[in-house]
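[1] next one to model:
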Amino acid sequence: MRGLRLAALVGALTLVIAGCTEDKAAPQAAAAVVWTKVELPAEPVVLTARGEQLLIGLRDRSAKVAPRLLLQQADGSRQEIKVQPKSPYAFEATWYSIAYDGQRLLALGGAPGGAHANTRWTVWTGSAKALIEYPQEFNTFGGQTAGALYSAVITPTGQALAGSWGSAQTGLDGAIWLPRGTDQWVRQPSAKTPLESTPSLLLSPNFATAAGNGILLVGSQVRLAPNVVQQETALWRSTDVNQGWSRIELPELGDRSQGNSATCSSATACTIAGFVDNELALWQVDGTQGKRLQNVPAIAVGDKDKLPPPVEDNGQLYQVVAEGNKVKVVSGKDGNWTVRESTGPEGVVKDAKLVGKTLYLVAGPTDQPATLWKTTLS
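    Residues are numbered from 1 along each chain as shown. Below you'll find the predicted structure:
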């Protein structure tokens with residue numbers, strides 16, 4: 001009996017010691033990211049970075065001209081770019097996307113209007129001196145077969161607007177608008193290209209960015225077969241603005257997935273942020289080959305969640321994401337990641353851009369104006 005008691009005591013002590021050992025070996029929680037609020041004259045809605053410059057798209061709800069634009073230099077100084085609206089909806093537009101290559105500016109704005117409160121799109125072009133709206137004929141972006149617009153893109157060889165349009169076959173096609181002269185935009189045909197939907201494959205790109213001279217579109221495609229509906233992340237890439245489109249297949253797409261945003265470091269190397277089975281997912285494409293990055297933290301991401309384009313600094317990837325109104329920063333590389341909570345911003349993440357070592361973030365409660373924040377990457 002004494003032997004049994006002794007054995008039990010030794011076993012209990014072993015479990016306690018093992019438990020203490022495991023506690024000591026457990027990784028410590030990473031320190032929270034400390035964000036500093038950036039004061040602005042109006043509500044930030046979209047960011048664009050170019051070298052050491054940061055473009056801040058604003059919405060001034062109380063002003064006669066609601067869309068405003070600031071250009072911030074490396075030393076923190078700012079200049080307001082003159083915004084010149086012409087059509088009625090331009091005066092109340094909210095910025096959706098702004099592209100800037102250091103000289104040229106191309107912006108996409110939108111405001112609800114009409115009996116059904118559909119978005120009335122406005123296109124603005126110019127430079128750091130002035131941004132001018134050029135009104136378009138209604139059927140350029142509107143009408144019974146209209147879809148939506150989502151991105152303005154500038155490449156070294158041209159400018160474009162990306163969106164969707166009613167397909168000749170079924171659903172919506174991916175669509176590209178190109179400029180004609182200085183004041184007119186023309187939608188390009190998608191039929192018989194990889195941007196066309198078919199009865200068995202419905203396309204839904206929702207984000208565009210420059211990839212060298214070409215454009216990368218990110219979104220999803222839905223495969224339709226008898227008794228089967230499969231939504232999966234999809235990419236489309238051109239070689240030169242609207243020329244040479246191809247579809248890139250990505251691996252490990254789970255039961256349901258979607259691409260939300262992307263960043264390209266060259267014409268063929270891009271990182272994509274999205275979700276697989278309602279959890280954060282990251283992919284990388286090199287040439288025509290894509291891979292899903294492993295062990296990405298299981299952070300909940302759904303259809304309506306905003307994922308800013310991932311940013312890279314000195315070999316490290318950074319993805320800002322909100323989960324349960326808590327802003328988190330995921331950092332690391334394939335297979336090895338850290339998740340850090342945030343001190344300061346809460347609510348929905350709307351945009352993020354890296355300028356030098358400073359990461360800028362637009363975030364705020366869903367039903368309130370957003371705020372601009374910044375932090376320094378170590």
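[2] what residues are up against the closest residue to Leu280 other than its chain neighbours?
    Counting by CB to CB, 6 or more residues apart in numbering, Leu280 lies nearest to Ile299, which is 4.4 Å off, once chain neighbours are set aside. C-betas here are computed from N, CA, C, even on glycine. By CB atoms under 8 Å, 6 or more residues apart in numbering, the contact list for Ile299 reads Glu279, Leu280, Val321, Glu323, Lys328, Val330, Val339.
[3] swap in Gln284?
    Ala269, Cys270, Thr271, Ile272, Gly290, Lys291, Leu293, Asp334.
[4] if you set the cut-off to 7 Å instead, what comes out?
    Thr271, Gly290, Lys291, Leu293 (CB atoms under 7 Å, 6 or more residues apart in numbering).
[5] repeat that for Ser238.
    Residues in contact with Ser238 (CB under 7 Å, 6+ apart) are Gly214, Ile215, Gly244, Trp245.
[6] filter the contacts of Gln284 down to the buried ones.
    Buried members of the contacts of Gln284, scored by 16 or more other CB atoms under 10 Å, are Thr271, Gly290, Leu293.
[7] and which of those is nearest Ala111?
    The closest of the buried ones among the contacts of Gln284 to Ala111 turns out to be Thr271 (CB to CB; 32.3 Å).
[8] just to be sure, that closest one is in a strand?
    Yes: assessed with DSSP: H, G, I helix; E, B strand; the rest coil, Thr271 lies in a strand.
[9] correct me, but it touches Thr263?
    Yes: using CB atoms under 7 Å, Thr271 is in contact with Thr263, at 5.3 Å.
[10] overlap in contacts of those two?
    Joint contacts of Thr271 and Thr263 (CB under 7 Å, 6+ apart) are Pro310.
[11] can you report how many residues neighbour Pro156?
    Pro156 has 10 neighbours, counted by other CB atoms under 10 Å.
[12] mind checking how far the residue nearest to it when sequence neighbours are not counted is from Ser190?
    Distances taken as CB to CB, 6+ apart place Asn213 nearest to Pro156, at 5.6 Å, with adjacent residues excluded. Per CB to CB, to the nearest Å, Asn213 is found 20 Å from Ser190.
[13] give me the more crowded residue out of the two.
    Set side by side, Asn213 and Ser190 show more neighbours around Ser190, with 22 against 16, by other CB under 10 Å.
[14] now do the same contact list for the residue nearest to the more buried one when sequence neighbours are not counted.
    In this structure, Ser190 finds its nearest non-sequential neighbour in Asp173, 3.9 Å apart by CB to CB, 6+ apart. Applying CB under 7 Å, 6+ apart to Asp173 gives the contacts Ser164, Trp165, Ser167, Ser190, Leu195, Glu196, Ser197, Leu203.
[15] coming back round to it: pick out whichever of the contacts of Ser238 sits closest to Lys374.
    Nearest to Lys374 among the contacts of Ser238: Ile215, at 29.2 Å, using CB to CB.
[16] show me what contacts the closest one?
    Val153, Thr155, Ala160, Ala162, Ala208, Ser238, Val241.
[17] mind redoing it with 10 Å?
    Contacts for Ile215 (CB atoms under 10 Å, 6 or more residues apart in numbering) come out as 151, 153, 155, 158, 160, 162, 176, 208-209, 236-243, 245, 264.
[18] drop anything exposed from those residues.
    The neighbour count (16+ other CB under 10 Å) marks 151, 153, 155, 158, 160, 162, 176, 208-209, 236-239, 241-242, 245, 264 as buried among the contacts of Ile215.
[19] picking up where we left off before, go through the contacts of Ile299 and name the one nearest Thr94.
    Closest approach between those and Thr94, by CB to CB: Val321, at 22.7 Å.
[20] what about that closest one, distance to Gly174?
    Where Gly174 is concerned, Val321 sits at a distance of 26 Å (CB to CB).
[21] swap in Trp124?
    Look at Trp124 and Gly174: by CB to CB, they are 23 Å apart.
[22] related to what we said a few turns ago, now the contacts of Asp173: which count as buried?
    Neighbour counting over the contacts of Asp173 (16+ other CB under 10 Å) leaves Ser164, Trp165, Ser167, Ser190, Leu195, Glu196, Ser197, Leu203 as the buried ones.
[23] after the helix or strand of the chain with the lowest mean pLDDT comes which helix or strand?
    Lowest by mean pLDDT, DSSP states H and E among the helices and strands of the chain is helix 2-25, with a mean of 40. Proceeding N to C from helix 2-25, the next assigned helix or strand is strand 33-34, under DSSP states H and E.
[24] strand partners (parallel or antiparallel) of that following strand?
    Applying DSSP bridges, strand 33-34 is found paired with strand 336-346 (parallel).
[25] which helices and strands sit right next to the helix or strand following the partner strand?
    Next along the chain after strand 336-346, taking DSSP H and E as the criterion, comes strand 348-355. Secondary-structure packing of strand 348-355 (3 or more CB pairs under 10 Å, 6 or more residues apart in numbering; DSSP states H and E): strand 43-50, strand 53-59, strand 257-264, strand 311-313, strand 316-323, strand 326-333, strand 358-364, strand 371-376.
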